[in-house]
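Enquirer: Predicted model follows, preceded by the sequence.
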2 protein chains.
Amino acid sequence: MAFKIGLLGLGTVGGGTADILLHPEGRHPLVQEISLHQIGVKSLTKKRSIQVPPNLLTTDLEAIVTNPEIDIVVELIGGLEPARSLILKAIAHGKHVVTANKAVIARYGREIFTAANQANVYVLLEAAVGGGIPIIEPLKQSLGANRLRNIIGIINGTTNYILTEMTQKGASFSEVLATAQKLGYAEADPVADVEGYDAADKIAILASLAFGCYLKREEVYCEGITKITSSDINYADKLGFVIKLLAIASCPDNQPGNNTAPLQVRVHPTLVPKSHPLASVNGVNNAILVEGEPLGQVMFYGPGAGSGPTASAVVADIMNIVGVLATNPQPSRLDALLSYAPQGEREISPISEVYTRFYARFLCEDVPGVIGHLGTAFGRANVSLESVVQIGLVGELAEIVVVTHHVKEGDFRKAIADIEKIEAIKSVANIIRVL
Amino acid sequence: MAFKIGLLGLGTVGGGTADILLHPEGRHPLVQEISLHQIGVKSLTKKRSIQVPPNLLTTDLEAIVTNPEIDIVVELIGGLEPARSLILKAIAHGKHVVTANKAVIARYGREIFTAANQANVYVLLEAAVGGGIPIIEPLKQSLGANRLRNIIGIINGTTNYILTEMTQKGASFSEVLATAQKLGYAEADPVADVEGYDAADKIAILASLAFGCYLKREEVYCEGITKITSSDINYADKLGFVIKLLAIASCPDNQPGNNTAPLQVRVHPTLVPKSHPLASVNGVNNAILVEGEPLGQVMFYGPGAGSGPTASAVVADIMNIVGVLATNPQPSRLDALLSYAPQGEREISPISEVYTRFYARFLCEDVPGVIGHLGTAFGRANVSLESVVQIGLVGELAEIVVVTHHVKEGDFRKAIADIEKIEAIKSVANIIRVL
């Protein structure tokens, strides 16, 4: 018996998915039980790099999600609408759903999973985070015995490529961005990547899965990489760090019985110690580190995007559904590891409540007493310092770099507000959090 | 409804497993549906670090695997017998089995999986390879869409600890081994680790899963780390490599339609380029790199041993079975991704057929023409060289290091046999393969 797939979208990932399903030889035998039944596209006449039987194509996406013959709808059109409505309609018609759509899941996950659980269908999303890296399935199927505490990821390939090139070639952000756009590593409109929005969608999803709760995407703190300069990268290097755009989700109070405490979920450029496993993740690769008790730390590394890797994840999801359906086509209860039914919603702490280390770079008059002023301002705000170093001179101004211990962000910001009032301090050139 | 576990063994991993099951708070809700029903131990009176209800303990392991109340038998006693017999008896009594026993699965996998598939029960083994790192489940559940080609792993923590310490501290093998034994990172009898047998068991299992076939454990080529010296580590460093004990499984001819070509499965010390993701895996950590089409490369990294991490993997397996059983307690067909039913057996190529690069170190008289002799001998055997460097003098002898291109191992060995006959060559100090 073959299970019938309705594919929405035949772009980069859709084409890769069709390619796998149409060429099952050499893959897991289960791939042969999956039949590509219909493909929804915008244009029937567009030239495509993948050859599909033309009779599978239709421009009527609604007809696919309501087609009684189809078992699983695979949504690869991206964007919020009509993706969200099509997913919900597919669920309402009893279809299982596989999606790579991080934007929809991050914003409408609660609505979608609630509908799916009521309709007794699966909604799987391995391809939404980390491209070809298995991370969603391991989180759901392999790590549930743990009390998870932290997820730290490099989950946007574009920004990791840009930061890697800036680090290795000493180039500026805008130069590297232009090259990345030429090479197809960055979109013509790069905002979602370079401002961290894409990473924020993904970490919202990982946090929800890891901590078993819904959360509000708009509460995720998000800061991009546009203000990172070659100077910051150089100073970080001298201090023993590389700069990465990290997505972090923490459950600092994940103690037995306490699953209501606010989470910390944030995306920002971060100084990562060179000895840390994430420091050597370069180029368009992604990596996700998961920390829990009693596990300790595991890390998942690989290609975070691209047609083939992402299609590998999409087909994995299809196979997981087919594996379960083949044993039991009409289950009265969903598999608790494959489905997703969180127990409620949790808040995200405001960034001012987060404890972290900071790197700050100041430009100031080269006069005696400046370091004393800085130290006093930080001390008054309860911010303890790990190091204060005068790095050199920029024109007539002295450049001073400060690294703090773990401090409350709100306290640190108070100190910075005070420091901006010191006459000798000409500017706060940059502030970057430190892992 | 709770699913009842019969646990065989309450040592390091058994204790960790009991600890998770007895304290489900803060973990996935499914853990609460798992009930620890009986625990088989050698001694009822032994002092243990974990507190378990004493009425669960029994010394009668046979009674556990035949107990009609028990749903899942968890075998954590290790070793070949009675583990093998207990697993088979549990299967014969309709129990699902979870095991961490790499030795049994590597040798008796065919017997065990054949019995399990006939009895319609699952045998899961996440904890047998890579400790807490999810690798078996991702291979089975997340990567099946791919044509897998290579698995390269650091899958023995003891040897990785020893090589890391030798590299970082310049100490000798025997010194570091003694320290590792004191710290509990190496067993009193270290043979299975340092000779590579443990890694060979594990790579045999990974190869079988990745390529969907049974294979013969005794055909896995296996070479340990006892001959690695500080000199080799130093020269490797100068050439841009670190030395790691790698376990490698390759399917060079994994083309559509060809799933009968011999596999390459081997364990040996290897020079790994410093830029390779496996090069920075240090200490007792493990990492497994999986390569396939269209995926590319993904890597899984984490703690390869220890009570907590390994117990995390054991409980993951239990949860996977419970997840499926809860939807359907008496399935007529096993889930094809969770079960394991390879299509046949495949041979492993003899090591002489493998293509690899080599590093070789020679001690020879410091006379003109030696490098010419070496070059001629390699050339005659069809071995092309990447570099030949006279590194220095050891006493009155010159030390020459050769690195080859990818060559057939049999050809390389022929050249070495010829070289040993050259009068000026006093000894072949070491030969190590290069990734």
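Expert: Structure received.
Enquirer: can you pull out the helices in chain A?
Expert: All helices of chain A, identified by DSSP state H, fall at A:12-22, A:61-65, A:83-92, A:102-119, A:136-137, A:157-169, A:173-183, A:191-194, A:197-211, A:230-239, A:307-327, A:370-380, A:409-419.
Enquirer: Output the below-cut-off pLDDT ranges for the stretch 51-200 of chain A.
Expert: Scanning the stretch 51-200 of chain A for pLDDT under 70 picks out nothing.
Enquirer: Chain B contacts on that one?
Expert: A:126, A:132-134, A:137-138, A:141-147 (C-beta under 8 Å from any C-beta of the partner chain). C-beta here means a position set from N, CA and C on the backbone, and glycine is covered the same way.
Enquirer: returning to what we had before: looking at the helices of chain A, which is nearest to B:Leu21?
Expert: Proximity to B:Leu21 (C-beta to C-beta) singles out helix A:197-211 among these, at 20.7 Å.
Enquirer: Quick one: distance of that closest one to the chain centre.
Expert: Mean-position distance between helix A:197-211 and its chain equals 6 Å (C-alpha atoms, centre = their mean, to the nearest Å).
Enquirer: so it versus helix A:157-169, what angle?
Expert: 110 degrees (axes from the mean of the first three to the mean of the last three C-alpha atoms, to 10 degrees).
Enquirer: Determine the set of other helices and strands touching helix A:197-211.
Expert: helix A:102-119, strand A:147-154, strand A:221-222, strand A:241-250, strand A:264-273 (3 or more C-beta pairs under 8 Å, 6 or more residues apart in numbering or on different chains; DSSP states H and E).
Enquirer: for the ones you listed, which one sits closest to B:His405?
Expert: Minimum separation from B:His405 across the helices and strands packed on helix A:197-211 (C-beta to C-beta) falls at strand A:241-250, 33.2 Å.
Enquirer: Can you spell out which helices and strands pack onto that closest one?
Expert: strand A:147-154, helix A:157-169, helix A:197-211, helix A:230-239, strand A:264-273.
Enquirer: Buried residues of the third one, list them for me.
Expert: So the one you mean is helix A:197-211. Within helix A:197-211, the residues scored as buried using 16 or more other C-beta atoms under 10 Å in any protein chain shown are A:197-211.
Enquirer: ditto for stretch A:87-107
Expert: A:87-91, A:95-107.
Enquirer: tell me how far that stretch is from the chain's mean position?
Expert: The mean C-alpha position of stretch A:87-107 is separated from the chain mean by 19 Å, C-alpha atoms, centre = their mean.
Enquirer: Also stretch A:180-188?
Expert: 19 Å.
Enquirer: Show me the contact partners of that stretch.
Expert: A:157-158, A:161-162, A:165, A:177, A:190, A:193-194, A:284 (C-beta atoms under 8 Å, 6 or more residues apart in numbering or on different chains).
Enquirer: Between the two ends of it, how far is it?
Expert: 10 Å (C-alpha to C-alpha, to the nearest Å).
Enquirer: Same check on stretch A:234-249?
Expert: 28 Å.
Enquirer: for the record, mean pLDDT for it?
Expert: For stretch A:234-249, the mean pLDDT works out to 96.
Enquirer: Can you give me the buried ones in that stretch?
Expert: For stretch A:234-249, by 16+ other C-beta under 10 Å, it's A:235-236, A:239, A:241-249.
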